[in-house]
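Undergrad: structure of the sequence below:
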Amino acid sequence: MKEKDCIFLVADKQMEEAFKGFLGRNEFHLKLNVHPFTFDIIVETGSDPGVYKRAHQLLRLYQRTHQHAIVVLDEEWGSSPGATQIEATINKNLTNNGWREEDVVVIVIKPELEVWLWQDSPHIANAFRFDHSPYPTLRNCLEAEGLWLSNHLKPARPKEAFEWVQRKSGLPRSGAIYNKITASVSVRHCTDPAFRLLHQTLQRWFPPHGVR
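TA: This next block holds a predicted model:
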């Protein structure tokens, strides 16, 4: 019997705080339609390239203590080989080092974590205490700046749009901001493929009680 259900390996402190906000919600399992599960989160200090190269090494010790492992990193970083190669390489390294294929999932976010934060909602504006006047919403403000196309669900460059709001707000880029946003965003309204893979994986591993 393993001590914990799942270990999350993430690429940086912002991603760690995003997951803490997301998984730390009150009765979060009900929002995800899963049964409660135990987990830990560890951070690779070398960021995305470090996760790509060393995920299997960092997770080796957790094979004895955790039933499942989820690796999360961005697709876009210097010398990135692309999402398909990232996923294949990490999966191969993990299974070669003893993890069962059905117990590991690699989540590659295209292009970066910030794409998960953007919804047509006030959560980012509220987190930054951003004054978007004279525009009715932050989205309208970003459209006027050319950072969000009117016919797109999210900004084309989500990290750049996020950093623009941060600079205009005068607040530093901190993990606390990511935590505050992910503690509030809608699971149902997030259509990003990487996020849907995360959600579906958790539902498969931890189905609601009574569901097989």
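
Undergrad: so where do the helices sit in the chain?
TA: Residue ranges of the helices in the chain, as given by DSSP state H, are 13-23, 28-32, 47-58, 83-96, 123-128, 138-144, 158-169, 175-182, 193-205.

Undergrad: just the pLDDT for Val211.
TA: The model reports Val211 with a pLDDT of 59.

Undergrad: closest to Ile41 out of the helices of the chain?
TA: With CB to CB as the criterion, Ile41 lies closest to helix 13-23 of the helices of the chain, at 5.6 Å. In short, each C-beta sits where N, CA and C put it, glycine included.

Undergrad: quick one: buried residues of that closest one?
TA: Buried residues in helix 13-23, counted by 16 or more other CB atoms under 10 Å: 14-23.

Undergrad: could the helices of the chain be laid out in a markdown table, adding mean pLDDT and distance to Met1?
TA: Shown next, in a markdown table, are the helices of the chain (pLDDT from 0 to 100; distance: least, CB to CB, whole Å):
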| stretch | mean pLDDT | distance to Met1 |
| --- | --- | --- |
| helix 13-23 | 94 | 22 |
| helix 28-32 | 86 | 20 |
| helix 47-58 | 96 | 23 |
| helix 83-96 | 98 | 21 |
| helix 123-128 | 91 | 39 |
| helix 138-144 | 95 | 47 |
| helix 158-169 | 94 | 41 |
| helix 175-182 | 92 | 31 |
| helix 193-205 | 95 | 16 |
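
Undergrad: Glu3 is nearest to which of these?
TA: Comparison of those against Glu3 by CB to CB identifies helix 193-205 as nearest, at 16.0 Å.

Undergrad: export that closest one to PDB, keeping only CA atoms.
TA: C-alpha atoms of helix 193-205 as PDB (Å, rounded to 0.1, in the frame of the first residue of the first chain):
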ATOM      1  CA  PRO A 193      -6.300  20.600 -24.100                       C
ATOM      2  CA  ALA A 194      -3.500  20.200 -21.500                       C
ATOM      3  CA  PHE A 195      -5.900  21.100 -18.700                       C
ATOM      4  CA  ARG A 196      -8.500  18.800 -20.100                       C
ATOM      5  CA  LEU A 197      -5.900  16.000 -20.100                       C
ATOM      6  CA  LEU A 198      -5.200  16.700 -16.400                       C
ATOM      7  CA  HIS A 199      -8.800  16.700 -15.500                       C
ATOM      8  CA  GLN A 200      -9.600  13.500 -17.400                       C
ATOM      9  CA  THR A 201      -6.500  11.800 -15.900                       C
ATOM     10  CA  LEU A 202      -7.700  12.600 -12.300                       C
ATOM     11  CA  GLN A 203     -11.200  11.400 -13.200                       C
ATOM     12  CA  ARG A 204      -9.700   8.100 -14.500                       C
ATOM     13  CA  TRP A 205      -7.500   7.500 -11.500                       C
END
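
Undergrad: got the angle for that helix vs helix 83-96?
TA: The directions of helix 193-205 and helix 83-96 differ by 30 degrees, with axes from the mean of the first three to the mean of the last three CA atoms, to 10 degrees as the criterion.

Undergrad: list the contacts of helix 193-205.
TA: The contact list for helix 193-205 (CB atoms under 8 Å, 6 or more residues apart in numbering) reads 5-6, 32-34, 37, 68, 70, 72, 105, 107-110, 115-116, 187, 190.
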